[in-house]
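**Student:** After the sequence you'll find the predicted model.
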Amino acid sequence: MAATFFGEVVKAPCRAGTEEEEEDEEERRETPEDREARRQLARKREVRLFRRQTKTSLEVALLEKYPCSKFIIAIGNNAVAFLSSFVMNSGVWEEVGCAKLWNEWCRTTDTTHLSPAEAFCVFYHLKSNPSVFLCQCTCYVAEDQQYQWLEKVFGSCPRKNMQVTILTCRHVTDYKTSESTSSLHSPFLKALKTQNFKEPPCCSLLEQPNIAHDLPAAVLSYCQVWGIPAVLYLCYTDVMKLDLVTVEAFKPILSSRSWKGLVKNIPQSTEILKRLMTTNEIQSNIYT
Amino acid sequence: MTDNVPAVSVGNVGQLAVDLIISTLNMCKIGYFYTDCLVPMVGNNPYATAEENSAELSTNAEVYSLPSKKLVALQLRSIFIKYKSKPFCEKLLSWVKSSNCAKVVVLSSSHSYHRNDLQLRSTPFRYLLTPSLQKNVESKIKSLNWEEMEKSPCIPEISDSEFCVRVPGGGITKTLYDEGCSKEIPLAVLLKFVSEGDNIPDALGLVEHLNEWLQIIKPRCDDPTASALPWKIPSSWRLLFGSGLPPALF
């Protein structure tokens, strides 16, 4: 309990998360109907991978079905826009799977007819080199779904001869520094890499006490534990919606050794990006 | 071998205490406790002392060891995913049992506002021992004049409720203790009554208390000018309360 400035006694939030006693109490009071409702909710929240073209589920994990040497994952709309403009437009990519998931933030139910404005998670491979994979993920993957996502994508037999790159954005107020965050020149890029990632990253490493969260953290943890070379590029920005300056902050990654051959025409890609911004602005007009 | 485990509890005191132990003893990372029960997070080495060792990636549950003191520490850095705390306890105790530890010490904390009048007037530290550890360490614990955690009504709202061990705000502490009793695991709980806030002094208090028993580091009683706190604060404890303030605020 804590007293507020005005003298009222309130229950203070606990950094330990949900009280163990509250969960125990909840379980003791649960009726069979509550348990069934909880099971149904868990089933609704299950992560499923399937092929949109054939409307069939993927029976095995994506990277167990296909060999993979390189896997680039974009999480969030700015990272997705970057890959769409600079990588996907430099080659022919074929869709190999789509993740269907539901949670309180991402309520996509029909993944066969997705509009560009809807949240989605789609996997592609490069037709000219099918071991190069790409994931475009704009939907939020909740904490109870992240491990399922990893299992469905990476499977239980991780391949050590692949390299993983993850791109995502965080709000600049999440970045801890001894200066005030208002004095930081955002957007800026920071990197976190696993022990087996030997290439020098394209920007400075993320300093302690800063940490990464959510799906990017889940993927990087998996890669660290299983010895897979992986790097996470975090773009700290003050604009979380689709923004040209934020997307362009990822550009240093284009000079990575491992991205050689994946990026062909940068001026053309920049034009494509500008058009993507304009299209999105029209769609976000609240009067249409 | 002694295994130190924090419970994710009020003020994160157990976790802060394990950070102090790992940092002061310069313990080596020997593995990961990879589980789907904890919220994922990653960052660079929280115990970095120089540029050379600052780039090692750390995850949400890691195991450290100091063979010279036969000490192993498991550090948990994030909270449990909903409904996953019990499965985690089962996995943890199963690992502990298979690793043949001589004893497991759970470092934890409990809400200070739950104390009764007697507890308010006494030391803020409490301990618990499972029966399988009691016979080995009870005399040592008694010689330290430590206070055992008192039992309280299992259901406080009912006047004639039975009494049992309760650890409000202790996260998985009670589950680990109860399972430790039933699975005959030599387990001790060491906790402090705390409130949320700047819990660094609480963590220092808890490790000093633990040190009275385990003698992890020798107290510096020979040099009166030396600081009373030989514990090394990890570099990751910087900016615990956020970034710097904008000068324009003033």
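**Tutor:** Right, received. Where do you want to start? Numbers count the residues shown, from 1 in each chain, chains lettered A, B, ... in the order given.
**Student:** I'd like to know how many residues surround the nearest residue to B:G11 once chain neighbours are set aside.
**Tutor:** The shortest distance from B:G11 to any non-neighbouring residue, by Cβ to Cβ, 6 or more residues apart in numbering or on different chains, is to B:N199 (3.6 Å). Every C-beta, even on glycine, is put in place using the N, C-alpha and C of the backbone. Neighbour count of B:N199, defined by other Cβ atoms under 10 Å in any protein chain shown: 23.
**Student:** just checking, B:N199 touches B:L16?
**Tutor:** Yes: checked against Cβ atoms under 8 Å, the pair B:N199 and B:L16 is within contact range at 6.1 Å.
**Student:** lowest average confidence, helix or strand, in chain B?
**Tutor:** Within chain B, no helix or strand scores below strand B:152-153, which has a mean of 84 by mean pLDDT, DSSP states H and E.
**Student:** Just list the residues touching residue 131, thanks.
**Tutor:** With no chain named, the answer covers chain A. Shown in contact with A:S131 (Cβ atoms under 8 Å, 6 or more residues apart in numbering or on different chains): A:66-70, A:125.
**Student:** try again with chain B
**Tutor:** Contacts of B:P131 by Cβ under 8 Å, 6+ apart are B:181, B:184.
**Student:** State the distance from it to B:I185.
**Tutor:** In this view, B:P131 and B:I185 are 10 Å apart by Cβ to Cβ, to the nearest Å.
**Student:** do the same with A:H171
**Tutor:** 44 Å.
**Student:** With A:E95 instead?
**Tutor:** 51 Å.
**Student:** Could you check which of those two is surrounded by more residues?
**Tutor:** More neighbours surround B:I185 than the other of A:E95 and B:I185, with 20 against 14 (other Cβ under 10 Å).
**Student:** Excluding sequence neighbours, find me the nearest residue to B:A203.
**Tutor:** B:L16 (3.4 Å).
**Student:** Up against chain B, what does the stretch 51-200 of chain A have?
**Tutor:** A:143-144, A:146-147, A:175-183, A:192-195 (Cβ under 8 Å from any Cβ of the partner chain).
**Student:** At which residues are the helices of chain B located?
**Tutor:** B:13-25, B:85-98, B:117-120, B:131-143, B:173-182, B:200-214 (DSSP state H).
**Student:** what does chain A give?
**Tutor:** A:20-29, A:32-44, A:62-65, A:77-86, A:143-154, A:214-225, A:244-248, A:266-283.
**Student:** and the gap between the nearest residue to A:C135 once chain neighbours are set aside and A:T165?
**Tutor:** Spatial nearest neighbour of A:C135, excluding adjacent residues (Cβ to Cβ, 6+ apart): A:I73 at 4.4 Å. Counting by Cβ to Cβ, the separation of A:I73 from A:T165 is 7 Å.
**Student:** check contacts around the nearest residue to A:Q146 once chain neighbours are set aside.
**Tutor:** Among residues not flanking A:Q146 along the chain, A:A218 sits closest, at 4.0 Å (Cβ to Cβ, 6+ apart). Contacts for A:A218 were tallied using Cβ under 8 Å, 6+ apart; they are A:141, A:146-147, A:149-150, B:40.
**Student:** B:T2 contacts B:L214, correct?
**Tutor:** Yes: the pair B:T2 / B:L214 is scored as a contact, 6.6 Å apart, by Cβ under 8 Å.
**Student:** on that earlier part again, ok, which of the helices of chain B comes nearest A:A249?
**Tutor:** Proximity to A:A249 (Cβ to Cβ) singles out helix B:13-25 among these, at 33.0 Å.
**Student:** For the closest one, which helices and strands make contact with it?
**Tutor:** strand B:2-6, strand B:71-76, strand B:103-111, strand B:187-194, helix B:200-214 (3 or more Cβ pairs under 8 Å, 6 or more residues apart in numbering or on different chains; DSSP states H and E).
**Student:** Try it again at 6 Å.
**Tutor:** Counting contacts by 3 or more Cβ pairs under 6 Å, 6 or more residues apart in numbering or on different chains; DSSP states H and E, helix B:13-25 is packed against strand B:2-6, strand B:71-76, strand B:103-111, helix B:200-214.
**Student:** quick one: the most centrally placed residue in chain A and B:L190, what's the gap?
**Tutor:** Nearest residue to the geometric centre of chain A (Cα atoms, centre = their mean): A:I75, 2.8 Å. Note on A:I75: its distance to B:L190, by Cβ to Cβ, is 40 Å.
**Student:** what do you get for A:K193?
**Tutor:** Distance from A:K193 to B:L190, by Cβ to Cβ: 37 Å.
**Student:** Over to B:I200?
**Tutor:** 17 Å.
**Student:** These two: which is more packed in?
**Tutor:** A count of neighbours by other Cβ under 10 Å puts B:L190 above the other of B:I200 and B:L190, at 24 against 15.
**Student:** pretty sure the more buried one contacts B:Y127?
**Tutor:** Yes: the criterion here is Cβ atoms under 6 Å, and B:L190 meets it with B:Y127 at 5.4 Å.
**Student:** May I have the beta-bridge partners of A:I72?
**Tutor:** Going by DSSP bridges, A:I72 is paired in beta bridges with A:L134, A:T165.
**Student:** can you count the residues close to it?
**Tutor:** A:I72, neighbours per other Cβ under 10 Å, totals 22.
**Student:** before we move on, what about B:C154?
**Tutor:** Neighbours around B:C154, by other Cβ under 10 Å: 12.
**Student:** Can you name the residues bridging to the closest residue to it other than its chain neighbours?
**Tutor:** Nearest residue to B:C154 in three dimensions, chain neighbours excluded: B:C164, at 4.5 Å (Cβ to Cβ, 6+ apart). With beta bridges defined as DSSP bridges, B:C164 has these partners: B:S152.
**Student:** sorry, back to before: surely the residue nearest to B:A203 and B:G205 touch.
**Tutor:** No: if you go by Cβ under 6 Å, B:L16 and B:G205 don't touch, sitting 10.5 Å apart.
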